[in-house]
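K.L.:
Sharing a model that was predicted from the sequence below.
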Amino acid sequence: TIERTFSIVKPDAVKRNLIGAIYNRIEKAGLRVVAAKMIRMDADKAKGFYAEHEGKPFFDDLVAFMTSGPVMVQVLEGDNAVVRYRELMGKTNPEEAACGTLRADYALSLRHNSVHGADSPESAAREIAYFFADDEMCSRD
Ligand code: CMP
């Protein structure tokens, strides 16, 4: 089934000029970009996005990092997009990420891990709505 997922190219990757490299890998994996924009999150926006992690020891550093520079946010569409994009990213910790995944190839550390992806279709719907209006997405069918 055709599904949508939510993705972020994080500040560490934008700073290293890796937007195109990451989009290339997304498209080569058969996923289609149906919405995209560059934004700089403020602390409230980042805290709301990561609300499920509030209270965890890494929360403040995570918010500081995600507001440290611009990010690319995008909606990806394709068959089984949530799971397929997670496979393309690899595990959260780049030291555990499989060869050939985005995090194995580009991430610098657990915090500076280059990309985010929704972990379920429910998270994807919530995260997409947090950044995009319906009329900002273009179906690619
Ligand atoms: P992300 O997929 O954006 O979701 C939450 C982020 O928190 C995660 O990627 C990591 O970058 C970061 N993170 C998760 N666990 C830790 C941790 N133990 N220490 C530091 N950062 C973490």
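P.N.:
Happy to help now that I have it. Source: prediction; values computed, not measured.

K.L.:
where do the strands sit along this structure?
P.N.:
For the chain, the strands identified by DSSP state E occupy 2-9, 32-39, 71-79, 115-117, in order along the chain.

K.L.:
Let me know which of those is the nearest to the ligand.
P.N.:
Shortest separation from the ligand across those is recorded for strand 115-117, at 3.6 Å, computed as CB to the nearest ligand atom. (C-beta placed from N, C-alpha, C; glycine too.)

K.L.:
Determine the set of other helices and strands touching the closest one.
P.N.:
In terms of contact count using 3 or more CB pairs under 8 Å, 6 or more residues apart in numbering; DSSP states H and E, strand 115-117 is assigned the packing partners strand 2-9, helix 81-89, helix 102-106.

K.L.:
Could you export these as CSV, including mean neighbour count and distance to the ligand?
P.N.:
Supplementary listing: these in CSV, determined by neighbours: other CB atoms under 10 Å; distance: least, CB to the nearest ligand atom, whole Å:
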stretch, mean neighbour count, distance to the ligand
strand 2-9, 22, 7
helix 81-89, 20, 8
helix 102-106, 21, 9
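
K.L.:
Up against the ligand, what does this protein have?
P.N.:
Residues of the chain that fall close to the ligand, judged by CB under 6 Å from any ligand atom: His53, Phe58, Leu62, Thr92, Leu110, Arg111, Asn113, His116.

K.L.:
In ChimeraX, how would I select the buried members of those?
P.N.:
The ChimeraX selection below is limited to those of these classed as buried (16 or more other CB atoms under 10 Å):
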select :62,92,111,113,116
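
K.L.:
Quick check: of the residues of the chain next to the ligand, which lies closest to Pro70?
P.N.:
Closest approach between the residues of the chain next to the ligand and Pro70, by CB to CB: His116, at 14.2 Å.
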